[in-house]
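3D, please:
(2 chains)
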Amino acid sequence: MIAERPEAARFVGQRVPRKEDRRLLTGKGSYVDDIVVPGMLYATFVRSQVARGAIRSLDLEAARAVPGVRAVYGPDELAQIPVDIFALYGLPNEPAPVQRPLAVGRVTHVGEPLAVVVADTRYIAEDAAGLVFADIDYEDPVVTMAQAANGPPVHEGLASNLSAQAATPDDPELDRIIAGAAHVVTGTITHQRQVHTPMETRGLVVQKQGSGELSIWQACQSPHMAARYYSIAFGLPDHHVRVIAKDVGGAFGLKVQPGREEIAVVAAGLLLGRPIKWIEDRIENLTAGYQAREQEMRIKMAFDADARLLAAQVEYDCNVGAFPAGADCNSLGMMMFPGPYKLPRYGFKAKGWYSNTCGQAPYRGPWMIESLARETMLDKAARQIGIDPVEIRLRNLISKEDQPFSMPTGPVIDRTTPRETLQAALDKIGYKAFRAEQAAARAAGRYLGIGLAVYVEPTTMAMFGVLSSDVANIRVETNGKITATISTHSQGHGTATTMAQVVADELGVDIEDVTVLEDDSSRGGFGPGAGGSRQAVSGGGAAIRATKIVKQKIMTIAGHLLNANPDHIQIKRGVITVEGVPDVNTTIARVAEAAYLDPDRLPPEMEMGLEGNYRYRPPPIVFSNATHACICEVDGDTGMVKILRWVSSEDCGVMINPAVVEGQIAGGVVQGIGGVLLEHASYDAQGNPTAATFKDYLIPSALDVPRIEFAHITTPSTTEGGFKGVGEGGAIIAPPTMVNAVADAMVPFGRECLDLPLTPSKLLAAIVAVGK
Amino acid sequence: MSEHKITVLVNGDPVSATVEGRRTLGDFLRIDAGRTGTHLGCEHGVCGACTVIVDGVAVRSCLMLAVQADGAEVTTVEGLAAADGTLSRVQQMMQDEYGLQCGFCTPGVVMTLTALTSGNALPAEADLRDALSGHLCRCTGYQGMLRAAHRLSAEGQKESA
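Below is the predicted model:
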């Protein structure tokens, strides 16, 4: 199969086996907890047991007396190491609270770190941590958004709990359009708090070396971003911080930015001068790492008599917790609300609120509320107006002819296929046949439902400073093998495979001859790694351009060696030939030998060595798009939801590796299903997290998931390689798809279910209220 | 804290250590025996990442104490591939079916599937799926590992025969 494809695309587009798998399947991965450094100690944290109050005293003496304890640091001791904690993406914020690695003076949420214990073993560190006594004057916490809006400020020095706000200007015309519309649909959608829960928690090993250099092994989303963060936070020169992350066990936004604990451990390492390891445990991860999503959107949508959108107005609030990784109010979600629809007029008001809960951080598709709100309201509108949910979308979706299409909020949508993916999804799931099946099932007392959702996903996000570019260095080594050092980073993304596919095709070599390196901040230049579904677009673009440079050098040298015009040089599978001269050839290995070891054979004045370097700046936004469809059954006796079918119909441009693309979509979809049906990082009225283990915080298991069926449409983007990005989409579109399917199944009961998660007890209550 | 001298046969190699009574088998394997292929994902017995095979049975090494494994034969994910590097049947199917992404939960999944399909066992697909529900994976949506389980099951073997 592969041999029959044109040389230019032997690997791109193919389901190439992953290079990472052999290592990971045989226990030879290298995750942060696998790192052992001579003399290494173990850290654990003492955390606040209450959500809010003034710290009267912190008694560390009993902990210090435990044999094997090497240090117990409270905020006073750690203050010897100056550190500036800042928001990595540098989004514009309201005045932010000053954050220290350990709580100073007051506690603001359960789990806030109070002290760090460093000992010979983790067992001893935890024994000692249990002996620290914190005397805290308990105050009633601000837990919910409603409490935050009216309650006392979480942070001293801030006038209120408002963390950020954004709004479109007052628009009387918008109000007038809504007032005069033939149909106005209103609703409130509430998305509960979630936790990212990668299977590997956070963690690091820090080792001070020489006169102040730091080596840090860390579970992160980019060694370069982490190194940059530490160098700024601790005021160290860039090259004094080396961050290494060979294998990372999932991240999903959690590991973008070092948290307070990681910063505290680095500070402790600097203070103590010994290597220290900290591995977050699962309870800490679920209750005190970062959390995500707690948000509410109130929507008004106006339609004309033909169900064409006239205007929409939304109000939005989110609970960012006490110390969020970025205190914004989801402006991206507000910007994306119109989606792939012709929405002539739109306004929003958005607010973020501090509370005495764990801080929030971006989680896979942080802006997903826009799709959840828009798509669930479109279904509600269809029911209210009395037309089919497919029909209401067809009347309002943009088409190919409309593109490039300027959204009312600014971004320009181009080269997307909302209508085509919708049609493909309907065909695959058998929409019309399902409606007949549904009617028959209802007559028999079974409640089946179908949900659809359509969206465009802004990927790449190169409009945010640190996300502006990626860099690739493609080097042919002295033996002719290729080392591709790229500023991408995999926490499961498979970039060691996909980037090798891109390089191998561009250069004309076998994929086995390409090794991708991306695990060490001291190798290669700065790049942001994973975030914003950007690695295929930005990393792939950099890899192609850098490979073109080295290929040109190979052609120049080969032309010189073979006495041929460099433009007539061809490279296939590492063998170099001259067009039209079949018996003359050489290899990349021989060209490399000349380039490194035999300079007299090079063209005059040619630089020795054989490498290409390119820093690629992709467009600010690239648009992917998809339609998903789900069929589910709600059990009328238990309220349990069973997913019967799931179709993903997407257009992510050129697919480097369809198996990797489908893996990204499936993983995101199942996270989205978890968000709708299962997961809830809940709090009680005192601000205690009540989902502290995997027994309480339920993520989907193999018994909860459908077999996901895929349809692919490929419309290349204008970026180098034609890629679009696909990492977050599944997590964005699955929630509205799932909610719409449940709502459709629940139609006989006439109750709106837009308060996530849609647990069996909630659905059963709605069923019982009406009666079957 | 009580200390105990134990010897555990890990992938065929005897490993001796003096351990506290409270040391988990997972920590013993990772720290004392240096077999870091076994991963600790929750340390409360739900996620399944730390699953190893003890005397033929799949066990969560975070819920078993090292002293309980004194004299036992333990197989970890490092002990499955052949000496020449050839992957085991389960490992190969996991690769073929794109059953992993980040790889953190993978060793546990591989050990459970290995324990249930060792020898000539041909479990029903539903039983393998049930067993997989004891493994949490946040990356893959379980699609690839369910395909692998299908191929390993009685139904899958019948199809390919």
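
only C-alpha atoms for contact and neighbour calcs from this point on.
Will do.

The lowest-mean-pLDDT helix or strand in chain A: how far from the chain's middle?
The helix or strand of chain A with the poorest confidence is strand A:581-587; it has a mean of 90 (mean pLDDT, DSSP states H and E). Here strand A:581-587 is found 48 Å from its chain centre; the criterion is C-alpha atoms, centre = their mean, to the nearest Å.

That one: which residues count as buried?
Buried residues in strand A:581-587, defined by neighbour count with 16 or more other C-alpha atoms under 10 Å in any protein chain shown: A:Asn585, A:Thr586, A:Thr587.

Helices along chain B, start to end?
With DSSP state H as the criterion, chain B has helices at B:25-27, B:89-96, B:106-117, B:125-132, B:143-152, B:154-160.

In CSV, list those helices along with mean neighbour count and distance to chain A.
Below are these laid out as CSV (neighbours: other C-alpha atoms under 10 Å in any protein chain shown; distance: least, C-alpha to the nearest C-alpha, whole Å):
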stretch, mean neighbour count, distance to chain A
helix B:25-27, 24, 10
helix B:89-96, 22, 6
helix B:106-117, 25, 7
helix B:125-132, 18, 6
helix B:143-152, 23, 7
helix B:154-160, 13, 16
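
before we move on, the earlier item: tell me the one among the buried residues of strand A:581-587 nearest to A:Gly321.
A:Thr587 (59.2 Å; C-alpha to C-alpha).

what about the closest one, distance to chain B?
Separation of A:Thr587 from chain B (C-alpha to the nearest C-alpha, to the nearest Å) stands at 30 Å.

Same check on A:Ser717?
In terms of C-alpha to the nearest C-alpha, A:Ser717 sits 26 Å off from chain B.

Name the nearest residue to the residue positioned nearest the centre of chain B, ignoring sequence neighbours.
Central residue of chain B (C-alpha atoms, centre = their mean): B:Met111, 2.6 Å from the mean position. Excluding the flanking residues, the one nearest B:Met111 by C-alpha to C-alpha, 6 or more residues apart in numbering or on different chains is B:Val52, at 5.8 Å.

Which strand residues bridge the one you found?
B:Val59 (DSSP bridges).

you'd agree it is up against B:Thr38?
Yes: using C-alpha atoms under 8 Å, B:Val52 is in contact with B:Thr38, at 7.4 Å.

mind giving me the domain split of chain A?
A:2-25+A:463-616, A:397-460+A:621-770 (automatic domain parsing).

I meant to write chain B there.
B:3-79, B:89-160.

How many residues are close by A:Gly273?
A:Gly273 sits with 14 neighbouring residues when counted by other C-alpha atoms under 10 Å in any protein chain shown.

What's the local residue count around the nearest residue to it once chain neighbours are set aside?
Nearest non-adjacent residue to A:Gly273, counting by C-alpha to C-alpha, 6+ apart: A:Lys208, 6.3 Å away. The number of residues packed near A:Lys208 is 21, by other C-alpha under 10 Å.

Adding distance to B:Ala69, write the domains of chain A out as TSV.
Below are the domains of chain A laid out as TSV (distance: least, C-alpha to C-alpha, whole Å):
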stretch	distance to B:Ala69
domain A:2-25+A:463-616	24
domain A:397-460+A:621-770	26
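
ok, back up a step: for the next helix or strand after the least confident helix or strand of chain A, give me every contacting residue.
Per DSSP states H and E, the first helix or strand lying C-terminal to strand A:581-587 is helix A:588-597. Residues from elsewhere that reach helix A:588-597, judged by C-alpha atoms under 8 Å, 6 or more residues apart in numbering or on different chains: A:476-481, A:554, A:557-558, A:574-576, A:601-602, A:608-610.

same deal with stretch A:131-146?
By C-alpha under 8 Å, 6+ apart, stretch A:131-146 touches A:46, A:48, A:50-63, A:148, A:151-152, A:154, A:317-319, A:353, A:355-357, A:683, A:685-687.

switch the cut-off to 6 Å
A:51-60, A:62-63, A:148, A:319, A:355-356, A:687 (C-alpha atoms under 6 Å, 6 or more residues apart in numbering or on different chains).

Tell me the pLDDT of A:Glu94.
Here the pLDDT value assigned to A:Glu94 is 53.

At the contact with chain B, which residues of the stretch 651-772 of chain A appear?
For the stretch 651-772 of chain A, the residues in contact with chain B (C-alpha under 6 Å from any C-alpha of the partner chain) are A:Gly663, A:Ala666, A:Gly667, A:Val670, A:Ser701, A:Ala702, A:Leu703.

Tabulate those residues (TSV), appending neighbour count, secondary structure and pLDDT.
Output for those, formatted as TSV (neighbours: other C-alpha atoms under 10 Å in any protein chain shown; DSSP: H, G, I helix; E, B strand; the rest coil; pLDDT from 0 to 100):
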residue	neighbour count	secondary structure	pLDDT
A:Gly663	28	helix	98
A:Ala666	30	helix	98
A:Gly667	24	helix	98
A:Val670	30	helix	98
A:Ser701	21	coil	98
A:Ala702	21	coil	97
A:Leu703	16	coil	96
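
before we move on, back to that, now tabulate the helices of chain B in TSV and tack on mean pLDDT and distance to A:Gly465.
What follows is the helices of chain B, written out as TSV (pLDDT from 0 to 100; distance: least, C-alpha to C-alpha, whole Å):
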stretch	mean pLDDT	distance to A:Gly465
helix B:25-27	98	42
helix B:89-96	98	37
helix B:106-117	98	36
helix B:125-132	97	42
helix B:143-152	98	36
helix B:154-160	92	51
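
Using JSON lines, please lay out these together with distance to A:Ser30.
Output for these, formatted as JSON lines (distance: least, C-alpha to C-alpha, whole Å):
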{"stretch": "helix B:25-27", "distance to A:Ser30": "16"}
{"stretch": "helix B:89-96", "distance to A:Ser30": "18"}
{"stretch": "helix B:106-117", "distance to A:Ser30": "13"}
{"stretch": "helix B:125-132", "distance to A:Ser30": "24"}
{"stretch": "helix B:143-152", "distance to A:Ser30": "22"}
{"stretch": "helix B:154-160", "distance to A:Ser30": "33"}
